[in-house]
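Asks: Sequence below, structure please.
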Amino acid sequence: MSVETFENQDCPLLVLDNVSEYFNSTQVLRDISLTIDDGDTVAIIGESGCGKTVLLKTMIRLFKPDRGKVIFDGHDLGELTYFELAQIRTRYGFVFQQAALFDSMTIRENIAFPLVQHSNKSSKEIDQIVRTLLNEVGLSDNILPRKPAELSGGMRKRVGFARALALDPELMLYDEPTTGLDPIMSNVINDLIISTHKNHNVTSIMVTHDLKSVFRVANRVIMLYPLAKLDNAEAQILFDGTPNELKNCNDKRVIEFVSNA
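Replies: Okay, here's the model as predicted:
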């Protein structure tokens, strides 16, 4: 079965339908329902422990929901075979918080890894793609033979970008993309998210504490709240709207988060 088999142009790109997630006996997500349309750039915000990264990983089914469904391009990820899920995941790109590069591999091998695993391209074709992507994220190809430990945090993050783009994904997921970076490098990463969205025509979902990134990058903001601070009848999503609407939200919990972030 090919990746193209899953394509469906008549539905939202990603839908979460009443998703709940538990770790042991502790509930982290409760009845989360979201629709992400093609072309959106969505920022997911909220204080530590509210379930942001759990939600992001559930979107790619790195975590399986205890209740509810995750539907990508019309297909329930919970109903797919292992092979079908692997095929779907080639349409995602994931930039992890700490880049998550393979320490034992060179930079060339790290970026090439998805292409080696999921394409039939020749070594020459892969080399060309790797060099093109490295250039796109602002790095010189003289780092190709180096190992991740030899690079700065900002450089590793950009290599992670290049690897995530290797299969030309439709949906990019970013987990705290500017955490641990200085303001200048944070701006570089924000610019990369913007240029990636434009040049690759991708839908983007970003988990972040960095409101400067939110206001610079996103066209939609979703704020989660820890379940331990909510009554059973309260929705876990406190806010879902534009960045400008976030600034003018009158919910005291949203105001406090924005003012202290």
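
Asks: Break down the stretch 101-250 of the chain into its strands, ranges please.
Replies: 171-175, 203-207, 220-224, 237-241 (DSSP state E, counting those that start in this stretch).

Asks: which stretch among those comes nearest residue 137?
Replies: strand 171-175 (12.9 Å; Cβ to Cβ). The way it works is simple: take the backbone N, C-alpha and C, and place the C-beta from them, glycine included.

Asks: Out of the strands of the stretch 101-250 of the chain, flag the one nearest residue 254.
Replies: Here strand 237-241 is closest among those (Cβ to Cβ), at 5.2 Å.

Asks: What average pLDDT does that closest one get?
Replies: For strand 237-241, mean pLDDT is 97.

Asks: can you check stretch 199-214 too?
Replies: pLDDT averaged over stretch 199-214 gives 93.

Asks: Give me the below-cutoff pLDDT ranges for the protein.
Replies: 1-10 (pLDDT under 70).

Asks: which residues touch the spatially closest residue to residue 116 that is not a sequence neighbour?
Replies: In this structure, residue 116 finds its nearest non-sequential neighbour in residue 126, 6.9 Å apart by Cβ to Cβ, 6 or more residues apart in numbering. If a contact means Cβ atoms under 8 Å, 6 or more residues apart in numbering, then residue 126 has 112, 115-116, 119 as its contacts.

Asks: wait, which of the strands of the stretch 101-250 of the chain is closest to residue 181?
Replies: That would be strand 171-175 among the strands of the stretch 101-250 of the chain, by Cβ to Cβ, at 12.7 Å.

Asks: If the spatially most central residue of the chain is in a bridge, with which residues?
Replies: Residue closest to the average C-alpha location in the chain (Cα atoms, centre = their mean): residue 173, at 1.2 Å. Beta-bridge partners recorded for residue 173 (DSSP bridges): residue 94, residue 205.
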